[in-house]
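Got a sequence here, can you build the structure:
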Amino acid sequence: MIRRLLIAITVLFLTVFLILPIVVVIVSAFAQGMATYWAAITEPEALDALQLTLTAAGVAVICNTIFGLAAAWMITNYAFRGKNLLITLIDLPFTVSPVISGLIFVLLFGGRSGIGRWLIDHGFKIIFATPGIILATCFVTFPFVARELIPLMQSQGNQEEEAAYMLGANGWQLFWRVTVPKIKWGILYGVVLAAGRAVGEFGAVSVVSGHIRGVTNTLPLHIEILYNEYQFSAAFAVATILLVFAIVTLVLKRYLEYRIERKVTPS
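Down below sits the predicted model:
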């Protein structure tokens, strides 16, 4: 009886919070026919939003992968003052509201700040421009790669690196030929999570973007504008693009979890 009750609760929860929303999005996207759907996802503003979303996500993933590798390597291989503080700071985006982080960037790099005014005077605009969107996306996603690699590298230890060092390998050889092959699935797992988060980011990007159509609107912001203008079918049509990203992310996530489990507990 208890087992059946728990299964029923789980199925009900998944139906209400996952299956039904997906069904609503798909049905609403095609409510006015395939022609309307295709027009919504291929209009210039939607394509510009898609391009900006992929650009911001791509740059954020590259930056956060480099940061995650450096932070995980330093934390797991060296003892230094402030190590616990660094680990805490890495988790900061998990605890700060994205809207607050976007507001911080506006206050720091906006036209009313000294830094922002100096940058604008020298022809470099951050807020209400693509650099601000990339900066906000980097902030909300930078813990993912580091947080995946730190426990993985701690559990694996550094015995292989020590053995390679004793055999004459230098730091570069240690990193690329010993460390990276051991953690490659963890890197990919963190990259997938960061990319999924970056593509769907709304709060921080909304604050720093200025909602300029065709210029600073990402896909989530474009969907919001369409919905607020009562273009419901178009909004849901564009939302299916994010739905595809989400499904691909989940599939890749599950595959990488499987590979990591096999790596940790080989048969």
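
how about stretch 116-128: buried residues?
The neighbour-count check on stretch 116-128 (16 or more other Cβ atoms under 10 Å) flags 116, 119-120, 126-128 as buried. In this view, the C-beta of every residue, glycine as well, is placed from N, C-alpha and C.

With pLDDT as extra columns, can I get those in a markdown table?
Below are the buried residues of stretch 116-128 laid out as a markdown table (pLDDT from 0 to 100):
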| residue | pLDDT |
| --- | --- |
| G116 | 85 |
| L119 | 88 |
| I120 | 87 |
| I126 | 90 |
| I127 | 90 |
| F128 | 90 |
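
now, among these, which is nearest to M153?
I126 (33.7 Å; Cβ to Cβ).

what's the nearest residue to the closest one if we skip its chain neighbours?
Leaving out its chain neighbours, the residue that sits closest to I126 by Cβ to Cβ, 6 or more residues apart in numbering is F109, at 4.2 Å.

distance of the one you found from T130?
13 Å (Cβ to Cβ, to the nearest Å).

Neighbour count: these two, which is higher?
Shown here are F109 and T130; by other Cβ atoms under 10 Å, F109 has more neighbours (22 against 16).

who's in contact with Q154?
Going by Cβ atoms under 8 Å, 6 or more residues apart in numbering, Q154 touches T76.

Quick check, pLDDT for it.
At Q154, the model reports a pLDDT of 84.

for the one 4 residues further on, same thing?
According to the prediction, N158 has pLDDT 77.

what's around it, how many residues?
N158: 17 neighbours (other Cβ under 10 Å).

That one and N77 touch, don't they?
Yes: counting by Cβ atoms under 8 Å, N158 touches N77, with 6.1 Å between them.

tell me the contacts of the residue nearest to I126?
115-116, 119, 126-127, 132, 135.

how is the protein carved up into domains?
Following automatic domain parsing, one finds the domains of the chain at 1-30, 34-264.

end-to-end on the first one?
Right, domain 1-30. End-to-end span of domain 1-30 (Cα to Cα, to the nearest Å): 41 Å.

List the buried residues for it?
Across domain 1-30, burial judged by 16+ other Cβ under 10 Å covers 25, 28-29.

Mind giving me the packing neighbours of the strand or helix carrying K182?
Using DSSP states H and E, K182 sits within helix 180-200. When contacts are defined as 3 or more Cβ pairs under 8 Å, 6 or more residues apart in numbering; DSSP states H and E, helix 180-200 packs onto helix 44-77, helix 130-141, helix 143-156, helix 232-264.

any chance of these in a markdown table, with distance to K182 too?
What follows is the helices and strands packed on helix 180-200, written out as a markdown table (distance: least, Cβ to Cβ, whole Å):
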| stretch | distance to K182 |
| --- | --- |
| helix 44-77 | 12 |
| helix 130-141 | 24 |
| helix 143-156 | 6 |
| helix 232-264 | 8 |
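
Number of residues surrounding V244?
V244 is flanked by 10 other residues according to other Cβ under 10 Å.

Kindly apply the preceding question to I187 instead.
Neighbourhood size, I187 [other Cβ under 10 Å]: 19.

can you check N170 too?
Residues near N170, counting by other Cβ under 10 Å: 9.

That one and F144, how far apart?
Taken as Cβ to Cβ, the span from N170 to F144 is 30 Å.

tell me how far the lowest-mean-pLDDT helix or strand in the chain is from the chain's mean position?
Every helix and strand of the chain was ranked by mean pLDDT, DSSP states H and E. The lowest is helix 171-174, at a mean of 76. Relative to the centre of its chain, helix 171-174 is centred 29 Å away, using Cα atoms, centre = their mean, to the nearest Å.

List the buried residues for that helix?
Using 16+ other Cβ under 10 Å as the test for burial, helix 171-174 gives L174.
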